[in-house]
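Provide a 3D model corresponding to the input given below.
(chains A and B)
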2 protein chains.
Amino acid sequence: MKLDSAGLQVLSHEECMRLLPSSPIGRIVFTDRALPAVQPVNFCLDGDDIVIRTAAGSKLAAATRRAVVAFEVDDFHPVERTGWSVTVVGLARVADEPAEIARLEGLPLTPWVRGRDQFIVITTVEATGRRLGSFGSGRWD
Amino acid sequence: MKLDSAGLQVLSHEECMRLLPSSPIGRIVFTDRALPAVQPVNFCLDGDDIVIRTAAGSKLAAATRRAVVAFEVDDFHPVERTGWSVTVVGLARVADEPAEIARLEGLPLTPWVRGRDQFIVITTVEATGRRLGSFGSGRWD
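Next up is the predicted model:
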């Protein structure tokens, strides 16, 4: 088991991709007018790609059109101080081919918010993750 | 009550600052070698400032030294599809005055991970937030 300098377990790519869909909500991290921006969204995986829906014309749609973005998912338990996080860095694009849109509409991805009729696909370039405190290496202080 | 174009309730600055400390974990969003980066951290509020701890010499410490960052906290309930998120945009700096460090050490902020001996203070410039689905305006499809 590999630990980082803080003593956190370093997750493999495979573990990251296995953990990602265990939470329905992730956070897309992008740049909006040169400032860091972040927005929680529900998502699903399509192979190693992350698929989200957004409103055409939204800030998120404009900012993620052919942009490098990060996408973060985590699950922490405050009492036990255990948990994990996974971050994907990838290339975001709007799905605009009718055949691809038809296929994406078959995914189990129902928007939680109205008007999110556009699919954003994030092609995973790198997935990194850490696990905290549930692997018997002692307490965190 | 103000709604945005997606029908989400727009939270006031005061509501954002009241909700922020109700979760022990937030996500700091920064730029690392020109790429978007995000890291979950436990935190506490000091007035309207956000205080986190990190290891001196860490990627996070280097990237947040006098940088504009975002800090996101959320709480969602997947079954009910309700929840909220708050994002602060602010200026991060390392606390390096002994008197300030001594004061920050008195905050209820115990690092979950060892070696996090440096305080980062994020001065809040703007806090924005949204609430989903728990204010009687109908269902989300």
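
what sits up against the worst-scoring helix or strand of chain A on mean pLDDT?
Lowest on mean pLDDT, DSSP states H and E among the helices and strands of chain A sits helix A:59-63, with a mean of 88. Outside helix A:59-63, the residues within contact range by Cβ atoms under 8 Å, 6 or more residues apart in numbering or on different chains are A:28, A:30-32, A:37, A:39, A:41, A:54-55, A:94, A:118, A:120. For glycine as for every other residue, the C-beta is placed from the backbone atoms N, C-alpha and C.

please point out which parts of that helix sit buried.
A:60-61, A:63 (16 or more other Cβ atoms under 10 Å in any protein chain shown).

interface residues of chain A facing chain B?
A:5-8, A:24-25, A:27, A:29-31, A:35-40, A:55, A:58, A:68-70, A:72, A:74, A:76, A:78, A:81, A:85, A:87, A:89, A:110-116, A:132-133, A:140-141 (Cβ under 8 Å from any Cβ of the partner chain).

quick check, central residue of chain A?
By Cα atoms, centre = their mean, chain A has its centre lying nearest to A:F71, at 3.4 Å.

just checking, that one touches A:G26?
Yes: between A:F71 and A:G26 there is a contact under Cβ atoms under 8 Å: 5.3 Å.

shared neighbours of those two, anything?
Joint contacts of A:F71 and A:G26 (Cβ under 8 Å, 6+ apart) are A:43, A:50.

any weak-confidence spans in chain A?
A:134-141 (pLDDT under 70).

got the phi/psi numbers for the residue nearest to the centre of chain A?
Per-residue torsions, A:F71: phi -140, psi 120 (degrees, to the nearest 10).

now do the contacts for it.
A:26-29, A:43, A:50, A:87-90, A:122.

need the residues you listed in CSV (columns: secondary structure and neighbour count).
Below are the contacts of A:F71 laid out as CSV (DSSP: H, G, I helix; E, B strand; the rest coil; neighbours: other Cβ atoms under 10 Å in any protein chain shown):
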residue, secondary structure, neighbour count
A:G26, strand, 24
A:R27, strand, 23
A:I28, strand, 26
A:V29, strand, 27
A:F43, coil, 24
A:I50, strand, 26
A:T87, strand, 25
A:V88, strand, 26
A:V89, strand, 20
A:G90, strand, 20
A:I122, strand, 26
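
returning to what we had before: give the closest residue to the residue nearest to the centre of chain A in space, chain neighbours not counted.
Of all residues not flanking A:F71 in the chain, A:V88 sits nearest, at 4.5 Å (Cβ to Cβ, 6 or more residues apart in numbering or on different chains).

equivalent analysis for A:G115, please.
A:A55 (4.5 Å).

is it true that the one you found touches A:F119?
No: in this structure, A:A55 is not within contact of A:F119 by Cβ under 8 Å, at 11.5 Å.

those two: who's more crowded?
A side-by-side neighbour count of A:A55 and A:F119, using other Cβ atoms under 10 Å in any protein chain shown, places A:F119 first with 21 against 17.

which helix or strand contains that one?
strand A:118-132 (DSSP states H and E).

for A:E80, helix, strand, or coil?
coil (DSSP: H, G, I helix; E, B strand; the rest coil).

roughly how far apart are it and B:C44?
Going from A:E80 to B:C44 by Cβ to Cβ, to the nearest Å gives 19 Å.

now do A:A63
Distance, A:A63 to B:C44, by Cβ to Cβ: 30 Å.

now swap in A:P21 and tell me
With Cβ to Cβ as the criterion, A:P21 and B:C44 are 31 Å apart.

what's the burial count for A:T110?
Neighbours of A:T110 (other Cβ under 10 Å): 12.

just want the phi and psi numbers for it.
Note on A:T110: backbone dihedrals following degrees, to the nearest 10 are phi -100, psi 120.

distance of it from A:C44?
10 Å.

who is the closest residue to A:V41 other than its chain neighbours paired with across the strands?
Using Cβ to Cβ, 6+ apart and skipping the chain neighbours, the partner closest in space to A:V41 is A:I52 (4.6 Å). Note on A:I52: beta-bridge partners by DSSP bridges are A:I120.

flag every buried residue along stretch A:102-111.
A:104, A:109, A:111.

one more: stretch A:27-41?
Going by 16+ other Cβ under 10 Å, stretch A:27-41 has these buried residues: A:27-32, A:36-41.
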